[in-house]
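Participant: Using only what follows, build the 3D model:
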Amino acid sequence: MDEENITRIHQNGKEYILIGTAHVSKQSAEQVKEVIASEQPDAVCIELDKQRYQSVTEGNKWKEMDIFQVIKERKATLLLMNLAISSFQKRMAKQFGINAGQEMIQGIESANEIGAELVLADRDIQITFSRIWGNIGLKGKMMLLMQVIGGIFSQESISEEELEKLKSKDMLDSMLEEFTQHFPRLKRPLIDERDQYLAQKIKHAPGEKVVAVLGAAHVPGIKQEIPREHDLKRLRERPPKSKVPKIIGWAIPILILAVIAYTFWANPAAGWQQTISWILWNGSFSALGTAIALGHPLTILTAFAAAPLSSLNPLIAAGWFAGIVQAMIRKPNVGDFEKLSDDVHHLKGFWHNKVTRILLIVVLANVGSSLGTFIGGADVIRLFFENM
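Facilitator: I've put the predicted structure just below:
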């Protein structure tokens, strides 16, 4: 048996066999099948959480999605990022005529064939994103969105040699490599913490022989972390939300309203100028974002009308209203959900599919509204000093 990409660890009477894989490599999937068949382990650990396991094993799960619930629960951005990352992975897999995550699928199938216990060893991806999101600030959030979207929508092909180099990286890590250079703190939630989580789950897998199917980037870290004990509960904690964004979120609209109210009292004509400026900047940028997402004319109008008001209340967002109106006018059907996994392979598909178009509308309308708030707010302050 080829021992390349295989790491063996013996500890406390147990043997751990770590298979370092590339998530879009046919050779990796074949090696997983060969190792499990020859080793006959008691347990097989795979680098998936429950959500990604269901995505792999229940391809039709998208049909059950309630798009209105996604918008109401403020999950549109997270879902769009998940689909975008999936797009990047599936596009490379399609280039080489294989299924994305085939090595994980093979791990599941092989575990079932030999009657081994299947262990979902990775941390919930939403918790990982949450811990990343809480570490980068507003500028970082904007950079992260641009990095992810730019990486996915790049149409460059990769060679077989470059594909094999991915065996030294996690798929998510490879997409965020440049980003983590600007934000070194992200290495901890993205790689280090997941190494600890994976190591602990692998260590506590039942039986005396355990095979773990992993992205190769995690193998060195897991090898180092297995001898140590890690608190899974702590690693699953979502970071406490900072009060600063909430304070700023309320302070800006209160300041804007106070400035406009005082201006109306002192100079009504200037107050009307401020009000019109606020409405035009907010409404126009939010409407522009919605138009870029190819929203229905009524959806664009909704974004324009909602943004000036939603910008004064941090509890609501223009994108939610625009997304709901779009979902009512262009409600996704079963076919849209069925084609979702194929449509996200390419840039055009994100705009063509009714599901992802709604998500784009929510995100871009909110981004536009945020830009309008800063520019409109600055213009309100300018008019205040000019007319007082």
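Participant: Buried residues of the helix or strand where F68 lies, list them for me.
Facilitator: Assigning secondary structure by DSSP states H and E places F68 in helix 67-72. For helix 67-72, burial by neighbour count (16 or more other C-beta atoms under 10 Å) applies to I67, V70, I71. Every residue, glycine included, has its C-beta placed from N, CA and C.
Participant: got the residues you listed as JSON lines, with pLDDT and distance to R8 columns?
Facilitator: What follows is these, written out as JSON lines (pLDDT from 0 to 100; distance: C-beta to C-beta, whole Å):
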{"residue": "I67", "pLDDT": "75", "distance to R8": "47"}
{"residue": "V70", "pLDDT": "75", "distance to R8": "44"}
{"residue": "I71", "pLDDT": "75", "distance to R8": "48"}
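Participant: Can you lay out those residues as TSV showing distance to A266?
Facilitator: Compiled in TSV, these are given as follows (distance: C-beta to C-beta, whole Å):
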residue	distance to A266
I67	47
V70	45
I71	41
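Participant: Looking at those, which is nearest E39?
Facilitator: Proximity of these to E39 (C-beta to C-beta) peaks at V70, which lies at 41.6 Å.
Participant: can you pull the contacts of the closest one?
Facilitator: Taking C-beta atoms under 8 Å, 6 or more residues apart in numbering, we find V70 in contact with A76, L79, L359.
Participant: what's the answer for F285, then?
Facilitator: For F285, counting by C-beta under 8 Å, 6+ apart, the contacting residues are A307, G368, S369, L371, G372, I375.
Participant: how about a cut-off of 7 Å?
Facilitator: By C-beta atoms under 7 Å, 6 or more residues apart in numbering, the contact set of F285 is G368, S369, L371, G372.
Participant: where's the third one relative to A287, distance?
Facilitator: Separation of L371 from A287 (C-beta to C-beta, to the nearest Å): 12 Å.
Participant: quick one: which of those two has more around it?
Facilitator: A287 (26 against 17; other C-beta atoms under 10 Å).
Participant: three-state assignment of that one?
Facilitator: Taken by DSSP: H, G, I helix; E, B strand; the rest coil, the conformation at A287 corresponds to helix.
Participant: For it, which non-adjacent residue is closest in space?
Facilitator: Leaving aside its sequence neighbours, A287 sits nearest to F304 (C-beta to C-beta, 6 or more residues apart in numbering; 4.1 Å).
Participant: can you tell me which residues contact that neighbour?
Facilitator: G283, S284, S286, A287.
Participant: Using CSV, lay out the contacts of F285 together with pLDDT and distance to A217.
Facilitator: Shown next, in CSV, are the contacts of F285 (pLDDT from 0 to 100; distance: C-beta to C-beta, whole Å):
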residue, pLDDT, distance to A217
G368, 94, 36
S369, 94, 37
L371, 93, 36
G372, 94, 40
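Participant: give me the low-pLDDT residue ranges for the stretch 201-350 of the chain?
Facilitator: Applying pLDDT under 70 to the stretch 201-350 of the chain flags residues 334, 338, 341-342, 344-346.
Participant: how about the helices in it?
Facilitator: 219-225, 232-235, 243-266, 268-292, 297-310, 318-329, 334-343, 347-352 (DSSP state H, counting those that start in this stretch).
Participant: Any buried residues in the fourth one, and which?
Facilitator: The neighbour-count criterion (16+ other C-beta under 10 Å) identifies 270-271, 273-275, 277-291 as the buried residues of helix 268-292.
Participant: And the first one, by the same measure?
Facilitator: For helix 219-225, burial by neighbour count (16+ other C-beta under 10 Å) applies to V219, G221, I222, K223, E225.
Participant: between those residues, which is nearest L235?
Facilitator: For the buried residues of helix 219-225, the nearest to L235 is E225 (11.2 Å; C-beta to C-beta).
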